[in-house]
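S.K.: I'll drop the sequence and a predicted model, then ask my questions.
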Amino acid sequence: MNRIVKPSKRALNVAPFLAMDMLREAGNLAAAGADIVHMEVGQPSGPPPRLVAEAARKALQSGTIGYTEAKGLPALRERIAVHYTDTYGVSVDPAQVVVTTGSSGSFVLAFLAAFDAGARVALTSPGYPAYRNIFNALGIEVADIETSAADRWAPTAEAVRNLVSHGGLDGLLVASPANPTGTMLMPDTLSALADTCAENGIWFISDEIYHGLDYAVPKATALSTSPDAIVINSFSKYYCMTGWRIGWMIVPPSLVRTAEVLAQSLYISAPTLSQYAAIAAFDATEELEQRKAAYAGNRAFLLDALPGIGIKDFSPVDGAFYIYADVGRFTNDSFAFAQKMLGEIGVAVTPGADFDPHRGHRYVRMSFAGTRDEMERAVTRLKDWLK
């Protein structure tokens, strides 16, 4: 008898990314002719900035688009370093910049570079599901920090110290602005978390991929208070380059060579065409700020309109382009709720189970990265549906 070949236990331990499942289902319905309002994924609705497209065309016309060095084009790494000086007043050595295949590539590199299998890393809950899924795939234990409205959905230094005392800790990963809540860490909170990690000899990883998309709280980089932090960023969100799959991370000197060696074998180099285009993204500020203003308008519209249709309880929307809303008055199963919403009125949202395995059954995440027309159509449909 032939032995049945099965997927690895490690792979089977990885949960589905429900936002992408919802995107697939919404796409299938749209392909069949349905009118879908997409609020399920964090993706800017418009094209990349004009300067980005022009840079890509110029690179294509120049001839060969081959490999770059594993850490990325020197010109791009130098431009990223300048960005930190101009934006945050922080000096970054271009040698510490690693260009990756989106922020997702940065997460994999960072986690492999910093942690052994069996390490224990703290995450906030609710939080971006891919963190947990990648950790599970790598055999790294997740220690949850359950956040709440009382702490503005942010982790506290006290919670980190408690985890260190009970079971030990090898790292902390935070995000500001956060996905799915949109809340941002106050500068003093970010500093306290960084200091706590330094005092306890644990890695501090800061996900800053939504930087630039801030509306109510000033942004701060972890590098301002922690030169040994691992900082991850991306051209996908503020820079409107999701499908270009280009991101970066800043690593301390002790991890530079480790990250480079890993990159050499895992993906050789990030997409070269995207790297040339990304250099131009830093000069597209005027156009990008117009996009941000549109998100801010969508945010204001939804914050005003949602309470009137019964969706009244959501986290502070400081940044990014998400509203994480409590829909417990309508359902105790946000996944079934989201599927029914999609099937009956063509509004696609992401169930909270993606972000919080314990409390997510009563939450949904709504992206307001689309057009104002889409936001208005979503509210109109929801108003009638939720009666």
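M.R.: It's in.
S.K.: from here on, contacts and neighbour counts on C-alpha atoms
M.R.: Will do.
S.K.: residue boundaries of the helices in the stretch 51-200 of the chain?
M.R.: Along the stretch 51-200 of the chain, the segments classed as helices by DSSP state H, counting those that start in this stretch run 74-88, 102-114, 129-138, 157-165, 187-200.
S.K.: pick the most buried one from those.
M.R.: Among the helices of the stretch 51-200 of the chain, ranked by average contacts under mean count of other CA atoms under 10 Å, first place goes to helix 102-114 (a mean of 21).
S.K.: need the helices of the stretch 51-200 of the chain in JSON lines with distance to residue 7 and mean pLDDT, can you?
M.R.: Below are the helices of the stretch 51-200 of the chain laid out as JSON lines (distance: least, CA to CA, whole Å; pLDDT from 0 to 100):
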{"stretch": "helix 74-88", "distance to residue 7": "38", "mean pLDDT": "98"}
{"stretch": "helix 102-114", "distance to residue 7": "20", "mean pLDDT": "97"}
{"stretch": "helix 129-138", "distance to residue 7": "12", "mean pLDDT": "94"}
{"stretch": "helix 157-165", "distance to residue 7": "33", "mean pLDDT": "96"}
{"stretch": "helix 187-200", "distance to residue 7": "37", "mean pLDDT": "95"}
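S.K.: how is this structure divided into domains?
M.R.: By the assignment in automatic domain parsing, the chain contains the domains 9-48+286-385, 63-283.
S.K.: so for residue 54, which of those domains sits nearest?
M.R.: domain 63-283 (7.8 Å; CA to CA).
S.K.: picking up where we left off before, take the domains of the chain and lay them out in TSV including distance to residue 55.
M.R.: Putting these into TSV (distance: least, CA to CA, whole Å) gives the following:
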stretch	distance to residue 55
domain 9-48+286-385	11
domain 63-283	5
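S.K.: picking up where we left off before, how about the helices of the stretch 51-200 of the chain in TSV, adding distance to residue 243?
M.R.: Formatted as TSV, those follow (distance: least, CA to CA, whole Å):
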stretch	distance to residue 243
helix 74-88	18
helix 102-114	9
helix 129-138	17
helix 157-165	35
helix 187-200	30
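S.K.: of these, which is nearest residue 292?
M.R.: When the helices of the stretch 51-200 of the chain are ranked by distance to residue 292, counting by CA to CA, first place goes to helix 74-88 at 16.6 Å.
S.K.: quick one: contacts of the closest one?
M.R.: Outside of helix 74-88, the residues within contact range by CA atoms under 8 Å, 6 or more residues apart in numbering are 90-95, 97-99, 220-221, 224, 275-276, 278-279, 282.
S.K.: and what of stretch 91-98?
M.R.: The contact list for stretch 91-98, computed with CA under 8 Å, 6+ apart, reads 71-72, 74, 77-78, 80-82, 84-85, 248-253, 256, 259-260.
S.K.: got the buried residues for the longest helix anywhere in the chain?
M.R.: If each helix of the chain is counted by residues according to DSSP state H, the longest one is helix 285-305. By 16 or more other CA atoms under 10 Å, the buried positions in helix 285-305 come out as 287-288, 291-292, 294-296, 298-299, 301-303, 305.
S.K.: now stretch 379-387
M.R.: By 16+ other CA under 10 Å, the buried positions in stretch 379-387 come out as 379, 381-383.
S.K.: Serialize the residues you listed to JSON lines and add fields for secondary structure, pLDDT and distance to residue 58.
M.R.: JSON lines is the format used below for the buried residues of stretch 379-387 (DSSP: H, G, I helix; E, B strand; the rest coil; pLDDT from 0 to 100; distance: CA to CA, whole Å):
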{"residue": "379", "secondary structure": "helix", "pLDDT": "97", "distance to residue 58": "42"}
{"residue": "381", "secondary structure": "helix", "pLDDT": "97", "distance to residue 58": "44"}
{"residue": "382", "secondary structure": "helix", "pLDDT": "97", "distance to residue 58": "45"}
{"residue": "383", "secondary structure": "helix", "pLDDT": "95", "distance to residue 58": "48"}
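S.K.: of those residues, just say which sits nearest to residue 352.
M.R.: Nearest to residue 352 among the buried residues of stretch 379-387 is residue 382, at 17.6 Å by CA to CA.
S.K.: identify the residues contacting that closest one.
M.R.: The neighbours of residue 382, taking CA under 8 Å, 6+ apart as the test, are 309, 345.
S.K.: what distance do you get for it to residue 348?
M.R.: 11 Å (CA to CA, to the nearest Å).
S.K.: now do residue 169
M.R.: With distances taken as CA to CA, residue 169 is found 37 Å from residue 348.
S.K.: ok, those two, which is more surrounded?
M.R.: Comparing residue 169 with residue 348 by neighbour count (other CA atoms under 10 Å), the higher total belongs to residue 348, at 28 against 24.
S.K.: so the more buried one touches residue 34, yeah?
M.R.: No - the pair residue 348 / residue 34 is not scored as a contact, 11.8 Å apart, by CA atoms under 8 Å.
S.K.: leaving out sequence neighbours, find the closest residue to residue 177.
M.R.: The shortest distance from residue 177 to any residue that is not its chain neighbour, by CA to CA, 6 or more residues apart in numbering, is 4.4 Å, and that residue is residue 184.
S.K.: can you count the residues close to the one you found?
M.R.: Residues contacting residue 184 under the criterion other CA under 10 Å number 30.
S.K.: what residues are up against it?
M.R.: Listed by CA under 8 Å, 6+ apart, the contact partners of residue 184 are 154, 175-178, 217, 219, 318-319.
S.K.: in ChimeraX, how would I select the buried members of the residues you listed?
M.R.: Under the burial definition 16+ other CA under 10 Å, those of the contacts of residue 184 that qualify are selected in ChimeraX by:
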select :154,175,176,177,178,219,318,319
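S.K.: need the worst-confidence member of the contacts of residue 184.
M.R.: Between the contacts of residue 184, the one the model trusts least by pLDDT is residue 217, at 84.
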